[in-house]
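**Q** sequence and computational prediction follow.
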Amino acid sequence: NGGYKKFISSIENLGQNVMLPLRDRTNYEMIHILADMITMRVNGVNDRPMAVEALAEFPHQYYRPPEESLQDATINTLLEIGLTKHAEEYLAYRSIKGLLREGELTISQLPYFGFKSKKQRNEIEQFYKSLGCDTIEGINDLLREGKPFTNMVKAFNERAAKQNEDVVDSFLGKEGVKAVIIAGPSSSGKSTTTKKLIQSSGMPFKSLTVDMYFKSDQPKNPHGDTLYELPESLDLNLLYQHLQQLKAGKEIITPLYDFDKGIRLDEPGPPLKLNNGEILLIDSHAGLFPTIRESFSKDERFIVYTQPFPMIKYGDGSSGEFISGSYDNMLRRWLRDSRTRGTSFEFNIPHWRTAELGAQRDIRSRMGHADIVVDTSTAYDFHFLGAAYEKQDTFWNLDPQKFIEDGQLYAAIALSKAREILNSVEKQS
């Protein structure tokens with residue numbers, strides 16, 4: 001019935017060769033084409049497809065790949081052919097099923113279509129609608145009128161202040177807490193939430209920088225991109241040992257990691273010890289990983305999960321399609337890294353794939369463990385980002401075809417999607 005055809009990219013500036021194997025195919029043909037591509041990939045080397053005629057030769061005709069390998073091959077095939085939304089949804093499904101199977105999640109902790117619960121989703125959507133900012137065009141209209149836009153910004157600032165109060169009240173109302181964990185995807189507002197908690201709670205905190213526990217031997221994807229977002233990138237054994245020692249009141253010597261060189265340094269980092277009454281503070285994308293989370297019992301830990309949940313539809317809303325909160329993360333991170341970490345947009349854009357896959361696999365799926373979830377979205381995020389990106393000539397001068405030629409179709413689609421969003425907003429300085 002052609003149901004898949006709406007997912008075939010129609011972005012003109014990417015060219016007609018994008019998703020060429022799937023164009024003008026029936027659903028049945030698409031399924032078999034994808035199955036063949038996955039089969040060739042899983043039998044290849046370093047996640048690269050191999051010639052189909054080689055599959056009949058020894059040892060491939062007897063090879064039965066592990067389920068995880070098949071799933072990895074499926075996700076990477078979907079990504080590299082341009083079906084990014086399907087890849088992310090499949091990864092989220094796979095991760096949640098695995099966590100359920102292993103007993104790490106219960107049915108009551110399952111996220112609801114990317115939200116903590118159906119109730120949370122409905123409340124956020126109603127808040128956006130009540131302010132007339134549930135579509136890009138609606139926000140553009142508010143901006144043109146001036147005062148209504150100012151009132152909307154005020155309403156979101158008041159909501160942020162109320163959420164901060166809720167975090168502090170929930171934390172102070174839980175006795176016996178030994179560790180506060182602020183977790184969430186990259187560029188989701190963790191640092192801002194951490195600062196507000198420190199300022200408002202008046203409690204004595206000692207911070208542990210989890211990023212210093214990255215290993216020198218980092219996992220990489222087939223394009224050589226370092227996978228910092230995966231649990232395997234951290235020295236989990238050392239991290240676990242240090243957490244247990246801190247709980248026991250012992251002093252630890254933290255490691256040092258050099259991001260410029262991508263290695264753990266031999267020289268020791270600063271010492272850290274929790275004195276009587278002090279609470280360990282962990283602000284990290286890895287905060288929900290079992291190594292960190294389960295180092296403290298439910299009574300000993302307080303977990304805050306941060307993520308933007310914008311309930312904004314494209315254009316005038318007639319398509320019914322919401323802008324994914326991951327695009328908010330994406331645009332924030334590209335800009336932040338180009339400004340503060342010295343990396344180019346040409347590097348940042350392909351790297352987003354690893355950050356997003358890590359978030360889907362290991363972070364968002366675990367939000368059910370949080371004591372409280374903070375929505376860090378605002379209706380004016382994309383408009384302020386539009387003004388900021390307007391000055392980034394290197395971003396606008398990038399050619400999506402370059403990414404396609406390098407075998408990074410997902411990066412070309414991300415770039416084109418970002419430009420579509422940024423071009424649709426009225427600029428606010």
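**A** Looks like it came in fine.

**Q** near the residue lying closest to R25 once chain neighbours are set aside, how many other residues are there?
**A** By the measure of C-beta to C-beta, 6 or more residues apart in numbering, the closest residue to R25 outside its immediate chain neighbours is I33, 6.8 Å from it. To be clear about C-beta, it is placed using only N, CA and C from the backbone, and glycine gets the same treatment. A count of nearby residues for I33, using other C-beta atoms under 10 Å, gives 14.

**Q** just checking, what packs against whatever helix or strand I33 lives in?
**A** Using DSSP states H and E, I33 sits within helix 27-42. Using 3 or more C-beta pairs under 8 Å, 6 or more residues apart in numbering; DSSP states H and E as the contact test, the elements touching helix 27-42 are helix 67-81.

**Q** off-centre distance for the helix it packs on?
**A** Taking C-alpha atoms, centre = their mean, to the nearest Å, one finds helix 67-81 lying 18 Å from the centre of the chain it belongs to.

**Q** now do the contacts for Y228.
**A** 214, 218, 354-355, 358 (C-beta atoms under 8 Å, 6 or more residues apart in numbering).

**Q** so among those residues, where is pLDDT lowest?
**A** Here the lowest pLDDT out of these sits on Q218, with 76.

**Q** which non-adjacent residue is nearest K129?
**A** Of all residues beyond its chain neighbours, the one nearest K129 is M311 (7.9 Å), with distances taken as C-beta to C-beta, 6+ apart.

**Q** what's the burial count for the one you found?
**A** 23.

**Q** check D381 too.
**A** Counted with other C-beta under 10 Å, D381 comes out at 22.

**Q** okay, now the unreliable bits of the stretch 251-400 of the chain?
**A** By pLDDT under 70, the stretch 251-400 of the chain has no low-scoring segment.

**Q** can you pull the contacts of G269?
**A** 212, 253-256.

**Q** for PyMOL, write a command that selects the buried ones of these.
**A** In PyMOL, this line selects whichever of those come out buried by 16 or more other C-beta atoms under 10 Å:
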select buried, resi 212+254+255
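
**Q** which of the contacts of G269 fall within helices?
**A** If you go by DSSP state H, the contacts of G269 have nothing in helices.

**Q** among the contacts of G269, which lie within strands?
**A** Cross-referencing the contacts of G269 against strands under DSSP state E gives I253.

**Q** tell me which two of the contacts of G269 sit farthest apart.
**A** M212 and I253 (10.9 Å; C-beta to C-beta).

**Q** mean confidence score for the biggest helix by length in the chain?
**A** Among the segments of the chain that qualify as a helix by DSSP H, the longest is helix 147-172. Averaging pLDDT along helix 147-172 gives 96.

**Q** which other helices and strands contact that helix?
**A** Looks like helix 147-172 contacts helix 136-145, helix 190-201, strand 301-307, strand 372-375 (3+ C-beta pairs under 8 Å, 6+ apart).

**Q** re earlier: distance of the residue nearest to R25 relative to D24?
**A** To D24, I33 is 12 Å away according to C-beta to C-beta, to the nearest Å.

**Q** same deal with K402?
**A** Using C-beta to C-beta, we find K402 at a distance of 27 Å from D24.

**Q** compare the two and say which is more crowded by neighbours.
**A** Just comparing K402 and D24: by other C-beta under 10 Å the higher neighbour count belongs to K402, 13 against 8.

**Q** which of the three states applies to that one?
**A** Using DSSP: H, G, I helix; E, B strand; the rest coil, the secondary structure recorded for K402 is helix.

**Q** any figure for the gap between it and L415?
**A** Computed as C-beta to C-beta, the K402 to L415 distance reads 10 Å.

**Q** what do you get for A248?
**A** According to C-beta to C-beta, A248 and L415 sit 49 Å apart.

**Q** now do the end-to-end distance for stretch 171-185.
**A** Start-to-end span of stretch 171-185 (C-alpha to C-alpha, to the nearest Å) is 21 Å.

**Q** swap in stretch 242-255?
**A** 10 Å.

**Q** and for that stretch, what's in contact with it?
**A** Taking C-beta under 8 Å, 6+ apart as the rule, stretch 242-255 contacts 178, 208-209, 212-213, 235, 238, 264-265, 268-274, 280, 291-292, 295-296.
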